[in-house]
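> 3D, please:
(4 chains)
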Protein chains: 4
Amino acid sequence: MGQGVVISDSLVQDYCCVRSQSEWLVRSLSPEDMMVQSCPEASPAKWHLAHTTWFFETFLLREASPDYRPFHPDFLWLFNSYYNAVSDQPEKKLRAVFSRPSLAEILAYRRHVDDAMAGLLHRGLPPEMEQRVVLGLHHEQQHQELLLTDIKHAFWTNPLRPAYLDLPFEQPLSPSENLDWRQYEGGVLEIGHRGSTFCFDNELPRHPVYLQPFQLASRPVSCGEYLAFMNDGGYERPELWLSEGWQTVQSHGWRSPLYWYREEGTEEWQIFTLRGSFPFSVLEHTAVCHVSYFEADAYARWSGRRLPTEAEWEVAAAEKPVCGNLLEQNLLHPAGVSGQMFGDVWEWTVSAYLGYPGFHALPGALGEYNGKFMANQMVLRGGSCVTPQTHIRASYRNFFPTATRWQFSGIRLAS
Amino acid sequence: MGQGVVISDSLVQDYCCVRSQSEWLVRSLSPEDMMVQSCPEASPAKWHLAHTTWFFETFLLREASPDYRPFHPDFLWLFNSYYNAVSDQPEKKLRAVFSRPSLAEILAYRRHVDDAMAGLLHRGLPPEMEQRVVLGLHHEQQHQELLLTDIKHAFWTNPLRPAYLDLPFEQPLSPSENLDWRQYEGGVLEIGHRGSTFCFDNELPRHPVYLQPFQLASRPVSCGEYLAFMNDGGYERPELWLSEGWQTVQSHGWRSPLYWYREEGTEEWQIFTLRGSFPFSVLEHTAVCHVSYFEADAYARWSGRRLPTEAEWEVAAAEKPVCGNLLEQNLLHPAGVSGQMFGDVWEWTVSAYLGYPGFHALPGALGEYNGKFMANQMVLRGGSCVTPQTHIRASYRNFFPTATRWQFSGIRLAS
Amino acid sequence: MGQGVVISDSLVQDYCCVRSQSEWLVRSLSPEDMMVQSCPEASPAKWHLAHTTWFFETFLLREASPDYRPFHPDFLWLFNSYYNAVSDQPEKKLRAVFSRPSLAEILAYRRHVDDAMAGLLHRGLPPEMEQRVVLGLHHEQQHQELLLTDIKHAFWTNPLRPAYLDLPFEQPLSPSENLDWRQYEGGVLEIGHRGSTFCFDNELPRHPVYLQPFQLASRPVSCGEYLAFMNDGGYERPELWLSEGWQTVQSHGWRSPLYWYREEGTEEWQIFTLRGSFPFSVLEHTAVCHVSYFEADAYARWSGRRLPTEAEWEVAAAEKPVCGNLLEQNLLHPAGVSGQMFGDVWEWTVSAYLGYPGFHALPGALGEYNGKFMANQMVLRGGSCVTPQTHIRASYRNFFPTATRWQFSGIRLAS
Amino acid sequence: MGQGVVISDSLVQDYCCVRSQSEWLVRSLSPEDMMVQSCPEASPAKWHLAHTTWFFETFLLREASPDYRPFHPDFLWLFNSYYNAVSDQPEKKLRAVFSRPSLAEILAYRRHVDDAMAGLLHRGLPPEMEQRVVLGLHHEQQHQELLLTDIKHAFWTNPLRPAYLDLPFEQPLSPSENLDWRQYEGGVLEIGHRGSTFCFDNELPRHPVYLQPFQLASRPVSCGEYLAFMNDGGYERPELWLSEGWQTVQSHGWRSPLYWYREEGTEEWQIFTLRGSFPFSVLEHTAVCHVSYFEADAYARWSGRRLPTEAEWEVAAAEKPVCGNLLEQNLLHPAGVSGQMFGDVWEWTVSAYLGYPGFHALPGALGEYNGKFMANQMVLRGGSCVTPQTHIRASYRNFFPTATRWQFSGIRLAS
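Okay, the predicted model is just below:
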């Protein structure tokens, strides 16, 4: 944030913290690293820095600050991700060619917008606009998580496979505890966000659902357990898979989670992490991650259990404190300790991502934030080891298509 | 059915009726017509005749009739659709090259299997196997519907656009009645099949759901109403569409439902039906059909309403008799009379096709029938103008991907 | 040809012979067989019968017969292959959905056009129009060859692999004779069609070329010789292949010529022919066929020789009589006897298909016949076992893209 | 080149000049710019710097310098382009993710190899190895040209469209002179490289060809002349195009050369160059460039002329000095002055890229340099405004596929 800004209240404080967190995350990356876009799901780190800034410029400064002078006339559409009501957008794959504006210019853009935001925040804002600032901060936190997810894939794709953080794990990591089954009562229960704190539109309205009694595992499935599935022919037996999942396995040649590999001529699996590659034995007891919905579903079928619904998950998590292996731990890889519902891995649920009864998207362009993706995606819950702690909550609904693997996505069983 | 077979009981009677119905449906088709496969979703009519026969041969005769002599050693895998537990299968697109076996051979295959089935049915079967016969008949009814759906597409694709049934509609068809809104109470209600009559595994178990009070339209959306959406820029306004829907509209160039077209230089829409092409004015008051989930969703958003959930639909339909414009009416095109829940068009719901709580697929190969498609499909309810009357019921769950249009799929609004 | 037509001269005679030959070739095919289009290169047999008729209707009857009544108003564009100057055309892949018009209608179309052509021919035609009739007959002969090539692929694609001609080869076929090398002088020589008999526009003008002394093999490469290449790692060694050829091998998984296969668990190759499948040993000494340019080139490199240029080939063939294993032999498979330049297999040359110096395409729509394909194709020479004897000559230039294998294409070495 | 190296002879001098030229070309590019790979044909500038260095390391230092210590163990395969005999290679599209090694490391790599090469050159080399050094320098010059071609495309793809060289053209550029026709005698003439100076293997052996008398235009086609073709419906008339060319125009939506565009709502064409965008009027009289073979061929047909063969071109150029608008002029855009055969634009010929009679590729891995691309490419001659002057000669054969447009490729007519 610009020099000389006096921090006067908690929103300014939050703004400062979140914005500086983004820049802290790229501390070890070169401008070249921040250019890479290694798969269609990912964006370059530089783009994340720019787009999150664009959000404040577009939805706060251009609307609420009449004397605001945009940093660059083209940035309005250049860093628009998918808001058709704002402007056209460059094709997503073009983000990899944005050598100009340079990283230095993007950082200057951040300064420019931060200075203007500081002014705006100090002058005071109507509550609706304050809510937009909060939304902008949560938006930026989502992109912080994506930035790490994307840079992991970028470094994996690079034949040299560099580490994002050059700090090995203590070995061995978190011996997995016994898997217990927690019992939950059924009946008419409520899910959805409660109270006046921030949430996304897709967490509302809170509403009753009918649940039958259910059990949830005390921790996510571990790498060791998942290996047993693999060794039992998990990737070769069509009867374990959804039809589309089996086609996906065949056409992509999947034989393990993403980021697992074997050196030529060796038997032991290696697992690539944000801290570099490690032998399976080091990570055996950590939660398996980077599995698709199809793999989560096949594993559950193989184990004789099932995935939870999002309502079951939320009911169970509502009792728990929001703590766990989250971004702030800086482990940057799932551990998988028993008893926690948050952190480690996003947990696939068997619930399709759809609107709650009575759902209404935000009005205007911001209504495009969540609502327009309600088709062909499954809900994931709980946050991962790269999710900021202040970003996650029991009612939070993440969502991805069924073949997605580049996310830190894992498996918690139900029955 | 083979000559000289004495019909002795109702299962034999049902078998006879359903099997002869399939052959009646192809009465106007040439062997050449029955070769055509005009889109990846479709199969040639000849294949439908063979595959439905394969079902009885594979799951009844081979298993329960020790002295059964298969008609042809290769048919076991040649006419397998997708049952991995039975055998490999030819690629679906290969069905178009099956000039051999000829139609005459397929009809002989039907005779052969019908004769053997008659013997089996007369000797009597254990209840579990009787249930399989019933399943086989429902399976064949599904393919009767597909056969008509597919031949419609085949004839549409043919540049000459021939009619399947050369019998024009009386004009104008079914002036659409006022659209009323029926009010339904909410609360904890039950859905899923009840009783001991036949149902598919995916309709079970019956279970409670919590519903809020809702309203359902008394009839489906008409072509005239849908045209108003089109004329209001329905296909040009991204804000009306799900993100993936908008991409689909763009990439496919959709500007109307499937089977609507305009002659060069004219303004009025023409609509192609199983009875040939008609001007829009003739069909204006009939239910719009051949729309995808994306179009149904966009129309609902435009109208300020929404699509129903499958639970809402089922609760409303459970009170109604199973009658309407179904296959037996031989209209072969939706009418859209008010007050009926069955027939006319399959109605898209906002519910993803997933297993009910406690769902278990049938054991063995037949478990592949429904369960393995539970990803990335939406539920449709109610049957269409080409669904056999004895095939449909309130708890029946049909399912298709969100971009599917070759089905007789339409829109009933909720709010 | 229509009843009551008096045959009065040799053009009428030729017309009759060629037209009846087409129908004779489909004598063993059902209307269903004649619907199949099993690869993008191929067309259904029925379409070949219609399109060759369309040629006479479009370029003769519509132009030179003022009172001619077209058989069907839509056929002008329906059976147009690629003549943009005549009309639009249906997409090629749509030919597989033409169940209507039926085969019976196509045969009636042939009768209708044959009757009108008989009238036209009897009234007499200006020389330019007589030349068009001759062109139309050569056009039909090309499609006779394609019809057989396409039906071979159709029956290969059919899982039952039926035979077109159910008449086994005498075994063993043509023990391959020693391969001799024929020596040819170089110097300034002429190639291109000479004299006043029919040729295609692409065979003109006759022109001088400078050739260095060369040698040509006395016969094509045999299956046995090709197997030695395969067994020497021919399909696994990138150094033997053109770059694009190696990519093609990798992406298509080629490991042998088209139509070679091995039954599961056996070692010996089987070869599928128009007469059904035979073990390798039966065909070992016949000319290898259904190889792409890439394979011909790789084989030549492996053998330490090279492919001939089209000029070398033509100079060598100009001395030879046009006889060999051609369509009339009804063997329908290459033999590969030494000393003949015509028949057996089309021989890939190392010459790109381009216009001769001073080349001019025919005026008008017929200029699209050959000239517009002069890019990214290689010349093949000599005709194959399914080429009519009266269709081939030393100056005849066939051409296909470098990855084409469905043709009866083989290898003659040069050095 | 490393400090303290005494330059003692012309090869060392040439080495120094060429190597430093590469680095001079990237003087205005940031490390981010040098990451961009904006189309499948292109590579990032950084990769060009590395790969050209790899060439010397692999083919000189590793083979001829026993005590050479490779800079990095992975670079042998990391920067291999397509030499299968050396090692596997990363997929070409992966070059865009090489944020590591950084530009600084690549520059250090260049230093390391240059130092070792200096040592090697000072110790003296056998003639065969000296030839390899020369080959390596020509190889680097090819990549210098590609680097500029690729960065032009990268900046074009960037929505901001920056200039590589921020120095406007003097206006107007080179009023095009009258197009004269130069007459050439035919007969048996020789083409191919003559003498002992360097050439690529594909320029040999020199050999006789028979040519008929021909005429060549005195200069390339200008933008203004090409616009007349466009305004005469050039891109809308299938009769002007090769069949595959017409399909390409349709599927890519081509309506002008690459890099031509119109601002929304304006009529005048803009042309993007390495010096930024200019209105058509500024460049009207310069040689049109960035046209594919298909466009060159269609233009020639429209104009009633034809493209030259490569033999015709070479015979005409053999009389001319190697001077013209080449890289050293630093114009970086074609001018098109009459009377010169070299520079401005690569000129499409109607000759397919194939081996000359008696062609033999270099032995070993270096044989992959040119020979394995002899399929489906057309020859271009003469060099362009970004070709180094010491790199081009009359016998030089460049080659690209028929749809290629990102090259500085233009049109010289023949008749």
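
> Going by C-alpha atoms from here, please, whenever you check contacts or count neighbours.
Will do.

> Need the pLDDT of whichever residue of chain A sits closest to chain C.
With C-alpha to the nearest C-alpha, the shortest gap between chain A and chain C falls at A:Ser251, namely 13.5 Å. Here the pLDDT value assigned to A:Ser251 is 97.

> Regarding it, what is its secondary structure?
helix (DSSP: H, G, I helix; E, B strand; the rest coil).

> Run a quick neighbour tally on it.
When neighbours are defined as other C-alpha atoms under 10 Å in any protein chain shown, A:Ser251 has 9 of them.

> mind showing which ranges of the stretch 151-300 of chain A have poor pLDDT?
For the stretch 151-300 of chain A, residues meeting the criterion pLDDT under 70 lie at A:171-173.

> ranges for the strands of it?
A:181-184, A:187-191, A:207-211, A:214-217, A:260-261, A:270-273, A:276-279 (DSSP state E, counting those that start in this stretch).

> Reformat those strands as CSV; add mean neighbour count and distance to chain D.
CSV is the format used below for the strands of the stretch 151-300 of chain A (neighbours: other C-alpha atoms under 10 Å in any protein chain shown; distance: least, C-alpha to the nearest C-alpha, whole Å):
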stretch, mean neighbour count, distance to chain D
strand A:181-184, 14, 44
strand A:187-191, 17, 43
strand A:207-211, 20, 46
strand A:214-217, 19, 39
strand A:260-261, 18, 17
strand A:270-273, 21, 17
strand A:276-279, 17, 14
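
> Out of those, which gets nearest to C:Ser20?
Judged by C-alpha to C-alpha, the one of these that comes nearest to C:Ser20 is strand A:260-261, at 63.9 Å.

> can you list contacts of the closest one?
A:Trp269, A:Gln270, A:Ile271, A:Phe272 (C-alpha atoms under 8 Å, 6 or more residues apart in numbering or on different chains).

> Do I have it right that the first one meets A:Val282?
No. Counting by C-alpha atoms under 8 Å, A:Trp269 sits too far from A:Val282 to count as a contact (10.6 Å).

> Enumerate every residue touching A:Leu240.
A:Gly234, A:Ala298, A:Tyr299, A:Arg301, A:Trp302.

> okay, the contacts of strand A:260-261 in CSV with distance to C:Leu148 next?
Below are the contacts of strand A:260-261 laid out as CSV (distance: C-alpha to C-alpha, whole Å):
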residue, distance to C:Leu148
A:Trp269, 53
A:Gln270, 54
A:Ile271, 55
A:Phe272, 55
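
> who's in contact with the residue in the stretch 101-250 of chain A that chain D sits nearest to?
Chain D sits closest to A:Asn158 of the stretch 101-250 of chain A, with a gap of 5.9 Å, by C-alpha to the nearest C-alpha. Contact criterion C-alpha under 8 Å, 6+ apart gives D:Leu94, D:Val97, D:Phe98, D:Ser99, D:Arg100 as the residues in contact with A:Asn158.

> gap between it and D:Phe98?
6 Å (C-alpha to C-alpha, to the nearest Å).

> Also A:Glu105?
When distance is defined by C-alpha to C-alpha, A:Glu105 is 22 Å away from D:Phe98.

> Mind jotting down where the helices sit in the stretch 151-300 of chain A?
Assignment of helices within the stretch 151-300 of chain A using DSSP state H, counting those that start in this stretch yields the ranges A:223-231, A:243-252, A:280-283, A:293-303.

> Now do stretch A:58-76: distance from first to last residue.
7 Å.

> count of residues packed around the closest residue in space to A:Val379 that isn't next to it in sequence?
For A:Val379, the nearest residue in space outside its immediate sequence neighbours is A:Phe399; the separation is 4.4 Å by C-alpha to C-alpha, 6 or more residues apart in numbering or on different chains. Burial of A:Phe399, expressed as a neighbour count using other C-alpha under 10 Å, amounts to 23.

> Confirm for me that A:Phe399 is in contact with A:Gly383.
No. Under the criterion of C-alpha under 8 Å, A:Phe399 is not in contact with A:Gly383, lying 11.3 Å apart.
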